[in-house]
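Engineer: Please work out how this folds:
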Amino acid sequence: MRLLRYGIVGLSTNAAGYLIYLLITFFGLSPKVTMTMLYALGATMGYLGNFRFTFDYRGSHWAGATRFALTYGAGYALNLGLLIVFVDWWHYPHQLVQGVAIFVNAAFLFVALNVFVFPDSKRGENQAPSQRPPVR
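Structural biologist: Coordinates of the predicted model:
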């Protein structure tokens with residue numbers, strides 16, 4: 001169920017983000033600059049969409065947000081690295097590389113969010129809402 005909810009949040013934010021990416025790069029902004037701007041926006045939307053809806057996170061918002069920022073920083077480095085290697089070095093079309101990078105990054109982020117960012121959500125997953133740890 002968590003993967004389905006993650007997919008709903010991810011598909012909606014990434015589909016919109018990819019279309020905006022294509023539009024902005026069509027008008028001449030570099031792929032890496034465009035991806036950087038949109039990644040920050042997508043990360044913010046991802047946190048807001050995932051912390052309750054996908055992971056039902058009930059732990060500390062500061063701790064969760066800090067781990068989220070670190071994880072999305074690693075995801076950004078992964079995305080940027082894919083653009084540098086496949087577009088700058090190997091000359092693949094940036095549209096194709098960014099389209100594939102979305103899925104690579106989504107898989108990485110799903111695992112990292114489950115294991116590192118929102119670990120408290122697993123403890124309360126099978127408990128009734130009244131038995132879950134309170135939001136701090």
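
Engineer: low-scoring pLDDT stretches of the protein, where are they?
Structural biologist: Scanning the chain with the threshold set as pLDDT under 70 gives 120-136.

Engineer: So what's the gap between the lengthiest helix in it and the chain middle?
Structural biologist: If you go by DSSP state H, the chain has its longest helix at helix 2-26. The chain centre lies 10 Å from the centre of helix 2-26; the measure is CA atoms, centre = their mean, to the nearest Å.

Engineer: again, but for stretch 54-74
Structural biologist: The answer for stretch 54-74 is 11 Å, by CA atoms, centre = their mean.

Engineer: Please name the nearest non-neighbouring residue to residue 95.
Structural biologist: residue 22 (6.3 Å; CB to CB, 6 or more residues apart in numbering). To be clear about C-beta, it is placed using only N, CA and C from the backbone, and glycine gets the same treatment.

Engineer: I'd say that neighbour and residue 93 touch.
Structural biologist: No - contact criterion CB atoms under 8 Å: residue 22 and residue 93 do not qualify, at 11.3 Å.

Engineer: Which of the two has more residues huddled nearby?
Structural biologist: residue 22 (14 against 11; other CB atoms under 10 Å).

Engineer: hmm, back to that, quick one: residues in contact with the longest helix of the chain.
Structural biologist: Contacts to helix 2-26, defined as CB atoms under 8 Å, 6 or more residues apart in numbering, come from residues 31, 34-35, 37-38, 41-42, 45-46, 49-50, 53-55, 94-95, 98-99, 102, 106, 110, 113-114.

Engineer: ditto for stretch 47-55
Structural biologist: The contact list for stretch 47-55 (CB under 8 Å, 6+ apart) reads 2, 5-6, 8-9, 12-13, 57, 61, 64-65, 68, 113-114, 117-118, 121.

Engineer: at 7 Å instead, please
Structural biologist: With CB atoms under 7 Å, 6 or more residues apart in numbering as the test, stretch 47-55 has contacts from 2, 5, 6, 9, 13, 57, 64, 65, 68, 113, 118, 121.
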